[in-house]
Each structure stands twice: as C-alpha cells, then as structure tokens.
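Novice: Fold the following, please.
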Amino acid sequence: QVQLVESGGGLVQAGGSLRLSCAASGRTFSDDAVGWFRQVRGKEREFVAAIRWMSNSPYYGESAQGRFTISRDNAKKTVNLQMYRLKPEDTAVYYCATGATGDSIMGPYDYWGQGTQVTVSS
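Specialist: Have a look, this model is predicted:
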C-alpha cells in the first residue's frame, strides 16, 4: 500500500506561481512513476506531468509544456510540481498518483492522493 498526500494548492493571480508537493509513504518501487493530474468538476481528468523515481526524464502534458516543472526527491519520497505563469484555465483539483504504469507513464496508476485545489484568478 502507498499513501499520497498533496500540498501547496491555493489561490493565486494569473501570471503567478505555485508549487505543489506530493509526499509518498509506504511501499514504493524504483521503477514506479509519480504523476500529476488535474480535474475540473464535470470534465475528464487531464494528465499534467509525470516522472519515475529512477529516471531523470520528465513527461508533460500539453497544458504543462513550458510552464510547469516536475521534480523528485527520492530521499524524501516527494515529487514536486512547480507551476509558473499560471492561467485561469489552470484552475482545477490537482491529484498525484503513483504506480507501476507499465509502458505508458500516463497510466494507469494504482494509488491516488486526495487532491489539492488550485484556483487562478484573472
């Protein structure tokens, strides 16, 4: 079992920055991935970014390209999502998830956090 706890969400003005953190506890494996997703109520969940514990290669969804940076701290079992130049359309609940995922780092993921709200005002 793995537990994930997100933190760092909040209210920010457009153009601002936020840093989300995902702390993992429990049993993790080096080839597992940690991903960030977001969801607006009534819409499908969207892949944001992901990285594997054993890799330095991040993956980004289209909306995150060039504005968000994902990083990991293996010693702390934490994955961070630094978000820059935020836009109102970035407003969503952000979830982190982890799991083996197989060949595709986009999923499926086995474990999910409870989510953290990010609100970007115009």
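
Novice: Which stretches in this structure count as helices?
Specialist: Read by DSSP state H, the chain holds no helices at all.

Novice: what are the ranges of the strands in it?
Specialist: Assigned strands in the chain, in chain order: 2-7, 10-13, 18-26, 33-39, 46-52, 59-60, 68-73, 78-83, 92-99, 111-112, 116-121 (criterion: DSSP state E).

Novice: per-residue confidence at the closest residue to L11 other than its chain neighbours?
Specialist: Once flanking residues are discounted, L11 sits nearest to T119: 4.7 Å by Cβ to Cβ, 6 or more residues apart in numbering. Bear in mind the C-beta positions are built from the backbone N, C-alpha and C, glycine included. Looking at T119, its pLDDT reads 98.

Novice: Give me the residue at the spatial middle of the chain.
Specialist: For the chain, W36 is the residue whose C-alpha lies nearest the centre (Cα atoms, centre = their mean; 2.2 Å).
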